[in-house]
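Novice: here are the coordinates; sequence isn't available:
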């Protein structure tokens, strides 16, 4: 595990792993649906993807993953700031001897 991360007992670790799989599966399903809607016309003309459709899908997936990563980093940053703020507030509220 990463340095500074608390160690989890096996049952909590399994729960975290299952949640991670569920989140990745949800992200994949949303990305697939969004890019399909955007890049592939509802009436298929050919059995294979055309060049334009393939390029569109490649770009759509790249953009979707980039945004997903950016949002994840921002949410992590905000979570860390909230955690630091809560620790600071708790430290100020403790009575001084």
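Specialist: Right, received. Where do you want to start? In this text, all values refer to a predicted model and were calculated from it rather than measured experimentally. Numbers count the residues shown, from 1 in each chain.
Novice: make it CA atoms for all contacts and neighbour counts henceforth
Specialist: Noted.
Novice: any low-confidence regions in this protein?
Specialist: Judged against pLDDT under 70, the low-scoring parts of the chain cover residues 1-8, 94-97.
Novice: Tell me how far the longest helix anywhere in the chain lies from the chain's centre.
Specialist: Secondary structure assigned by DSSP state H gives helix 51-93 as the longest helix of the chain. Offset of helix 51-93 from its chain centre (C-alpha atoms, centre = their mean, to the nearest Å): 7 Å.
Novice: Okay, residue 66 and residue 92: tell me how far apart.
Specialist: The spacing between residue 66 and residue 92, counted by C-alpha to C-alpha, to the nearest Å, is 39 Å.
Novice: now swap in residue 36 and tell me
Specialist: If you go by C-alpha to C-alpha, the gap between residue 36 and residue 92 works out to 52 Å.
Novice: neighbour count winner among the two?
Specialist: Neighbours were tallied for residue 36 and for residue 92 using other C-alpha atoms under 10 Å; the higher tally belongs to residue 36 (16 against 10).
Novice: ok, that one to residue 79 distance?
Specialist: Between residue 36 and residue 79 the computed distance is 33 Å (C-alpha to C-alpha).
Novice: go on, residue 30?
Specialist: Taking C-alpha to C-alpha as the criterion, residue 30 is separated from residue 79 by 24 Å.
Novice: thinking again about what came up before, and the longest helix of the chain, what other elements does it pack with?
Specialist: helix 10-39 (3 or more C-alpha pairs under 8 Å, 6 or more residues apart in numbering; DSSP states H and E).
Novice: angle of the helix it packs on against helix 51-93?
Specialist: Taking axes from the mean of the first three to the mean of the last three C-alpha atoms, to 10 degrees, helix 10-39 and helix 51-93 form an angle of 140 degrees between their directions.
Novice: Just give me how far helix 10-39 sits from the chain centre.
Specialist: Averaged C-alpha coordinates place helix 10-39 at 8 Å from its chain's average position (C-alpha atoms, centre = their mean).
Novice: Just the buried residues of that helix, please?
Specialist: Buried positions in helix 10-39, judged by neighbour count with 16 or more other C-alpha atoms under 10 Å: 31-32, 35-36, 39.
Novice: Please produce a markdown table containing these, extended by distance to residue 61.
Specialist: Written out in a markdown table, the entries for the buried residues of helix 10-39 read as follows (distance: C-alpha to C-alpha, whole Å):
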| residue | distance to residue 61 |
| --- | --- |
| 31 | 7 |
| 32 | 8 |
| 35 | 7 |
| 36 | 10 |
| 39 | 11 |
